[in-house]
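Peer 1: Got a sequence here, can you model it:
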Amino acid sequence: MIQRIQSVYLFFVFCLTATVVFFPFSSSWVASFGAGIVAALSLIVIFLYKHRVLQIKIGYLILLLLLLLYVPYIVFDHPCSLAAECLGHIRFTFMFPVIAGVLTLLAIRGIKKDEQLIRSLDRLR
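Peer 2: Numbers count the residues shown, from 1 in each chain. All right, here's what the predicted structure looks like:
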């Protein structure tokens, strides 16, 4: 389970989103709550290694939730209208959901490869 590369990717997703829970990039509690849900889902997906199709579906749900994490920032906290002014207001955790999204995509790709491998082995039997 842990030796699979997608488990490592999902663990890093957990670490990044847990960091966003404690150091939110938005002043809204909604972003912290959403990051907590993503962190919990990423841990759940790691332990669902026998249910690869469910892992893929939850992985896509994680991607959707990671995109929705930016909504509270845009609605409540968008500090400025000029891009040059905005650079000073962005916190270091602002890019963590994007990095977590890329890692989630890599994990989904690894899960799909595992599923294809299992199906090809089933065909041979």
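Peer 1: now the helix or strand harbouring S120: mean pLDDT?
Peer 2: Using DSSP states H and E, S120 sits within helix 96-124. The average pLDDT for helix 96-124 rounds to 91.
Peer 1: Buried residues in it, which are they?
Peer 2: 96-97, 100-101, 103-104, 106-108, 110-112, 114 (16 or more other CB atoms under 10 Å). Glycine gets a C-beta too; all of them are placed from N, C-alpha and C.
Peer 1: what helices or strands is that helix leaning on?
Peer 2: Counting by 3 or more CB pairs under 8 Å, 6 or more residues apart in numbering; DSSP states H and E, the packing neighbours recorded for helix 96-124 are helix 5-22, helix 29-46, helix 52-68.
Peer 1: hmm, try it at 6 Å
Peer 2: Here helix 96-124 touches helix 5-22, helix 52-68, going by 3 or more CB pairs under 6 Å, 6 or more residues apart in numbering; DSSP states H and E.
Peer 1: Which residues in the first one does the neighbour count mark as buried?
Peer 2: Same thing as helix 5-22. By neighbour count on 16+ other CB under 10 Å, the buried set for helix 5-22 is 6-14, 16-21.
Peer 1: what does stretch 38-50 give?
Peer 2: Quick answer for stretch 38-50 (16+ other CB under 10 Å): V38, A39, L41, S42, V45, I46.
Peer 1: What distance do you get for I62 to F76?
Peer 2: Distance of I62 to F76, computed by CB to CB, to the nearest Å: 23 Å.
Peer 1: out of the two, which sits in the busier spot?
Peer 2: The residue with more neighbours, out of I62 and F76, is I62; 27 against 12, by other CB atoms under 10 Å.
Peer 1: what about this structure, any weak spots by pLDDT?
Peer 2: For the chain, applying pLDDT under 70 flags the ranges 1-3, 77-90, 124-125.
Peer 1: Apply 50 and report the result again.
Peer 2: For the chain, no stretch is flagged by pLDDT under 50.
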